[in-house]
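Enquirer: what follows is a protein structure lacking sequence information:
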Ligand code: PEP
């Protein structure tokens with residue numbers, strides 16, 4: 001079975017002390033992910049090393065960066081390179097979150113470069129895609145998401161695409177408390193998988209984890225994760241509350 005993943009996205013939240021407390025609160029629940037399950041924490045850059053040292057001994061738990069530079073190294077003040085992430089042992093990186101696309105003008109083409117760099121340095125990209133409300137209301141969501149995949153991922157070969165995790169995050173559901181219905185999520189995930197299958201074949205498409213993101217909560221995770229093409233979730237708000245995120249981990253398919 002492809003990996004079932006609960007990924008926490010802390011965004012720009014929590015002080016160092018709060019971050020430590022949250023992680024401790026989750027780890028002390030001793031939820032043991034199965035062999036086909038993975039828990040990720042996408043934490044702010046200053047906490048990567050601390051968080052990694054906390055989960056290093058825990059089977060099935062790992063730390064992700066929330067972003068990386070599209071440059072290799074050099075005079076780019078304020079940027080963080082994939083080489084830096086690799087050097088502190090980070091093996092996952094969220095890319096193309098809608099907040100990066102909207103507030104930092106990240107394009108599909110820029111994201112293609114970041115994807116390449118991550119893969120070159122052995123970091124698995126967690127690639128986010130998803131449409132705005134206007135796009136959904138005009139019935140264009142399938143074509144819109146397909147173009148995001150084509151522009152940022154279609155240059156990859158079979159081995160490379162197998163290292164990518166995809167997160168479908170309808171923008172109208174992020175941080176709004178308005179979750180996509182299980183049917184809406186399943187329909188889009190099945191579409192994404194069929195796009196992957198057309199390009200790389202069914203076996204490859206079936207091996208890729210596609211997470212749903214957008215107001216996943218402790219009380220709706222199980223219904224969403226039960227959908228055949230939903231392989232877990234990328235979770236913002238609810239990942240900041242230890243008990244809620246623990247319930248979300250427990251809702252993963254096993
Ligand atoms: C996210 O940050 O990717 C997200 C889905 O946030 P929330 O769960 O708060 O909607």
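Expert: Done, it's in. All values reported here derive from a predicted model rather than from experimental measurement. Numbers count the residues shown, from 1 in each chain.

Enquirer: so what's the residue count around the residue nearest to residue 172 when sequence neighbours are not counted?
Expert: Closest residue to residue 172 in three dimensions, ignoring its sequence neighbours and counting by CB to CB, 6 or more residues apart in numbering: residue 133, at 3.9 Å. (Each C-beta comes from the backbone N, C-alpha and C, glycine too.) Residues contacting residue 133 under the criterion other CB atoms under 10 Å number 14.

Enquirer: before we move on, what about residue 107?
Expert: Using other CB under 10 Å, residue 107 has 12 other residues around it.

Enquirer: work out for me the element the nearest residue to it once chain neighbours are set aside sits within.
Expert: Nearest-residue entry for residue 107: residue 101, 7.7 Å, with adjacent residues in sequence omitted and distances by CB to CB, 6+ apart. In this structure, residue 101 is located in helix 98-103 according to DSSP states H and E.

Enquirer: do that helix and the ligand meet?
Expert: No: counting by CB under 6 Å from any ligand atom, no contacts exist between helix 98-103 and the ligand, the nearest distance being 7.3 Å.

Enquirer: wait, what's in contact with the closest residue to the ligand within the chain?
Expert: Nearest residue of the chain to the ligand (CB to the nearest ligand atom) works out as residue 236 at 2.2 Å. Listed by CB atoms under 8 Å, 6 or more residues apart in numbering, the contact set of residue 236 reads 9, 11, 174, 175, 213.

Enquirer: who does the first one bridge with?
Expert: The reference is to residue 9. residue 42 (DSSP bridges).

Enquirer: is any residue of the longest helix seen in the chain near the ligand?
Expert: Among the segments of the chain that qualify as a helix by DSSP state H, the longest is helix 182-200. No: where contact is defined by CB under 6 Å from any ligand atom, no part of helix 182-200 touches the ligand; the two come within 12.0 Å at best.

Enquirer: contact residues of the stretch 51-200 of the chain facing the ligand?
Expert: By the rule CB under 6 Å from any ligand atom, the part of the stretch 51-200 of the chain lying against the ligand is 97, 169, 174, 175.

Enquirer: let me see the confidence value for residue 225.
Expert: Residue 225 carries a pLDDT score of 98 in this model.

Enquirer: and the strands in this protein, which stretches?
Expert: Counting by DSSP state E, the chain has these strands, from start to end: 4-9, 37-42, 61-65, 92-95, 124-129, 165-168, 210-213, 232-235.

Enquirer: take the ones you listed and lay them out in CSV including mean pLDDT, distance to residue 30 and mean neighbour count.
Expert: Compiled in CSV, those are given as follows (pLDDT from 0 to 100; distance: least, CB to CB, whole Å; neighbours: other CB atoms under 10 Å):
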stretch, mean pLDDT, distance to residue 30, mean neighbour count
strand 4-9, 98, 15, 26
strand 37-42, 98, 12, 24
strand 61-65, 98, 11, 24
strand 92-95, 98, 22, 24
strand 124-129, 98, 25, 25
strand 165-168, 98, 25, 26
strand 210-213, 98, 23, 27
strand 232-235, 98, 19, 30
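
Enquirer: now do the same contact list for the residue nearest to residue 170 when sequence neighbours are not counted.
Expert: Leaving aside its chain neighbours, residue 170 sits nearest to residue 130 (4.8 Å; criterion: CB to CB, 6+ apart). Contacts were defined as CB under 8 Å, 6+ apart; by that measure residue 130 touches 98, 145, 148, 167, 168, 169, 170, 171, 174, 213, 214.

Enquirer: mind redoing it with 7 Å?
Expert: Shown in contact with residue 130 (CB atoms under 7 Å, 6 or more residues apart in numbering): 98, 145, 168, 169, 170, 171.

Enquirer: return the closest of the residues you listed with respect to residue 24.
Expert: Proximity to residue 24 was ranked across the contacts of residue 130 by CB to CB; first place goes to residue 169, at 27.8 Å.

Enquirer: neighbours of the closest one, how many?
Expert: Look at residue 169: counted by other CB under 10 Å, it has 27 neighbours.
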